[in-house]
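# any chance you can model this:
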Amino acid sequence: MYKMLTRILFVILSYLTGVLSIQCAKYDNLFARQPTYISCAFECCGIGSNRHCCIPAYVIVLLVLGGLTLLGATAVLLYCLWKRTGSTHVVHYSSGSGKYPPYRH
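Predicted coordinates:
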């Protein structure tokens, strides 16, 4: 389990830092001989004179599902903590007013 999590973290960090990026050739105009290169994390889209980086649909779906899972897990954790502290919390009512209990003779 630990190795799998470290591999996933390594891949995510590699994409974010650009280590696993791919180079795409982009031509400034139709008759340009030397292309300029752009680094893309996932894929290149468009034709030679209009290249741009794009993200595949499955990456967007995975990010949305991961965010919803994280949000749901946080909500469940907060609900469980709220229920746990709510059942053990004792309320003490004092019959006097002020800092000290009422004085009895």
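
# rest of the way, CA atoms for contacts and neighbours
Noted.

# middle-most residue in the chain, spatially?
The centre of the chain sits closest to G67, judged by C-alpha atoms, centre = their mean, with a distance of 5.9 Å.

# what distance separates the helix or strand where it lies from the centre of its chain?
G67 is part of helix 57-88 when elements are defined by DSSP states H and E. Helix 57-88 has its C-alpha centroid displaced from the chain centroid by 12 Å (C-alpha atoms, centre = their mean, to the nearest Å).

# ok, now how distant is the residue nearest to the centre of the chain from N29?
40 Å (C-alpha to C-alpha, to the nearest Å).

# which neighbouring elements make contact with the lowest-mean-pLDDT helix or strand in the chain?
Least confident helix or strand, the chain: helix 2-17 with a mean of 73, by mean pLDDT, DSSP states H and E. Using 3 or more C-alpha pairs under 8 Å, 6 or more residues apart in numbering; DSSP states H and E, no helix or strand is in contact with helix 2-17.

# flag every buried residue along it.
Buried residues in helix 2-17, counted by 16 or more other C-alpha atoms under 10 Å: none are found.

# got it, and stretch 37-50?
The neighbour-count check on stretch 37-50 (16+ other C-alpha under 10 Å) flags 39-42, 44 as buried.

# in this protein, where is pLDDT below threshold?
For the chain, the stretches flagged by pLDDT under 70 are 15-20, 30, 32, 48, 86-105.

# break it down into its domains, please.
1-55, 57-88 (automatic domain parsing).

# what's the end-to-end length of the first one?
So the one you mean is domain 1-55. Domain 1-55 has its terminal residues 28 Å apart, counting by C-alpha to C-alpha.

# centre of the chain to it, how far?
On the basis of C-alpha atoms, centre = their mean, domain 1-55 is displaced by 21 Å from the centre of the chain it belongs to.

# distance of the closest residue to T36 other than its chain neighbours relative to E43?
Once flanking residues are discounted, T36 sits nearest to K26: 5.2 Å by C-alpha to C-alpha, 6 or more residues apart in numbering. Computed as C-alpha to C-alpha, the K26 to E43 distance reads 13 Å.
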